[in-house]
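Visitor: got a sequence here, can you build the structure:
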Amino acid sequence: MSERKFNFKKIKDYLISKFVFINGILSIIVLGLILAFLIYNSIRFFSTYPVLDFLTGTRWAPTSEPNRFGIVPLLSGSAIVAFGAILIAVPLGIGSAIYIGELAPRAVREILKPIVEVLATIPSVVIGFVGIMILGPFIRDLFRISTGLTALAGSVMLAFMALPTIVSISEDAINAVPDKYRFASLALGATKWQKTYQTVVPAASSGMFASVMLGLGRVVGETMTVLMVTGNSPRIVFSWLQPVRTITASIASEMGQTVQGGLHFSALFAIGLILFVITFVINLVADRFISRIKDVE
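Guide: Here you go, the predicted model:
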């Protein structure tokens, strides 16, 4: 009986390992196909339009004469919105994770953790609608500007969307810190707060950084919210109180208005390729830091 049970366990472990392996291979294949699809549809653009003008151009005007496909305004718009979102989301997310994972009473933790997880399920179009109806008019009236649909509105809404990712992964990193670190710190006379910020937080710092990078990946790749609340103005700006346009918003707003196979159509795939590379690098860096959580003992 025991031998049969042992054989069943071996078969089950073998099937599970093969299932995970096949899914990993499929993920790599799908990722490679997406990259190949972007490159294939970008070839016409890169073979027709000067690559240097594309990467350094300061004007995005695909309908002008001649066509202008400078990606700098879109990169700057994405950068200023993402930077503002991270400035808002990081202190709130890390602080919330520390409180939930280390300081909150058990009853409070059991309430807050599901709430954070539910926030991640809110559709982006709903968040964008809230930004248009509530945050936009508030920013307009607060700063007395002509429109509240600005980079600041996009940053605030994207920070709200990045919070669940940052809080959840940071809390997991905190929970991964061995209890012996906590006991040793308390045994040396540290208070609960000193134990938290002098022992637990440094030990979980790699996971916290990874959560920030994954939150940044979510921010950079978001489409609907920034399309609705940032004003969609493809200009280089240096203020959060001006309308901007991000890479994702440009693809979403212009793809339906282009002629399939035309230069503009290929240009959108080209900026999509740039976005793919950016998000891939961000997630690669985050993965490197997540792997370091396992080294904490």
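Visitor: tell me where the stretch 51-200 of the chain has helices.
Guide: Taking DSSP state H, counting those that start in this stretch as the test, the helices found in the stretch 51-200 of the chain are 51-56, 72-98, 106-119, 124-130, 136-143, 151-175, 179-187, 192-195.
Visitor: any chance of the ones you listed in CSV with distance to residue 37, mean pLDDT and mean neighbour count as columns?
Guide: Every residue, glycine included, has its C-beta placed from N, CA and C. Putting these into CSV (distance: least, CB to CB, whole Å; pLDDT from 0 to 100; neighbours: other CB atoms under 10 Å) gives the following:
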stretch, distance to residue 37, mean pLDDT, mean neighbour count
helix 51-56, 19, 89, 12
helix 72-98, 21, 93, 22
helix 106-119, 32, 86, 13
helix 124-130, 23, 91, 17
helix 136-143, 35, 93, 15
helix 151-175, 26, 91, 25
helix 179-187, 47, 86, 13
helix 192-195, 51, 84, 14
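Visitor: between those, which gets nearest to residue 9?
Guide: Counting by CB to CB, residue 9 lies closest to helix 151-175 out of the helices of the stretch 51-200 of the chain; the figure is 28.3 Å.
Visitor: do I have it right that residue 81 meets residue 225?
Guide: No. Judged on CB atoms under 8 Å, residue 81 makes no contact with residue 225 at a distance of 9.8 Å.
Visitor: which neighbours do the two share?
Guide: Residues touching both residue 81 and residue 225 by CB atoms under 8 Å, 6 or more residues apart in numbering: 154, 158.
Visitor: quick one: which of the helices of the stretch 51-200 of the chain is nearest residue 257?
Guide: Across the helices of the stretch 51-200 of the chain, residue 257 has its closest neighbour in helix 72-98 (16.2 Å, CB to CB).
Visitor: by contact count, what packs against that closest one?
Guide: Packed against helix 72-98 by the contact rule (3 or more CB pairs under 8 Å, 6 or more residues apart in numbering; DSSP states H and E) you find helix 151-175, helix 205-221, helix 247-254.
Visitor: show the average pLDDT along the second one.
Guide: This means helix 205-221. Taken as a whole, helix 205-221 carries a mean pLDDT of 86.
Visitor: just checking, what packs against it?
Guide: Short answer (3+ CB pairs under 8 Å, 6+ apart): helix 205-221 packs on helix 72-98, helix 151-175, helix 263-293.
Visitor: and that helix with helix 263-293, angle?
Guide: On the basis of axes from the mean of the first three to the mean of the last three CA atoms, to 10 degrees, helix 205-221 is oriented at 170 degrees to helix 263-293.
Visitor: cool, the last one as well?
Guide: Angle between the axes of helix 247-254 and helix 263-293 is 150 degrees (criterion: the same axes, to 10 degrees).
Visitor: which outside residues touch helix 247-254?
Guide: With contact meaning CB under 8 Å, 6+ apart, helix 247-254 is reached by 60, 62, 71, 74-75, 77-78, 220-224, 226-227, 230, 232, 234, 264, 268, 271-272, 274-275.
Visitor: one more time with 10 Å, if that's ok
Guide: Here helix 247-254 makes contact (CB atoms under 10 Å, 6 or more residues apart in numbering) with 60, 62-63, 71, 73-75, 77-79, 81, 154, 220-232, 234, 245-246, 264-265, 267-269, 271-272, 274-275, 278.
Visitor: that older thread, adding distance to residue 209, write the helices of the stretch 51-200 of the chain out as CSV.
Guide: Conversion of the helices of the stretch 51-200 of the chain to CSV gives the following (distance: least, CB to CB, whole Å):
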stretch, distance to residue 209
helix 51-56, 29
helix 72-98, 10
helix 106-119, 19
helix 124-130, 25
helix 136-143, 30
helix 151-175, 9
helix 179-187, 18
helix 192-195, 21
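Visitor: what's the closest of these to residue 23?
Guide: Nearest to residue 23, of all the helices of the stretch 51-200 of the chain, is helix 151-175, at 21.3 Å by CB to CB.
Visitor: any idea how far the closest one is from the chain center?
Guide: Computed by CA atoms, centre = their mean, to the nearest Å, the chain-centroid distance of helix 151-175 equals 9 Å.
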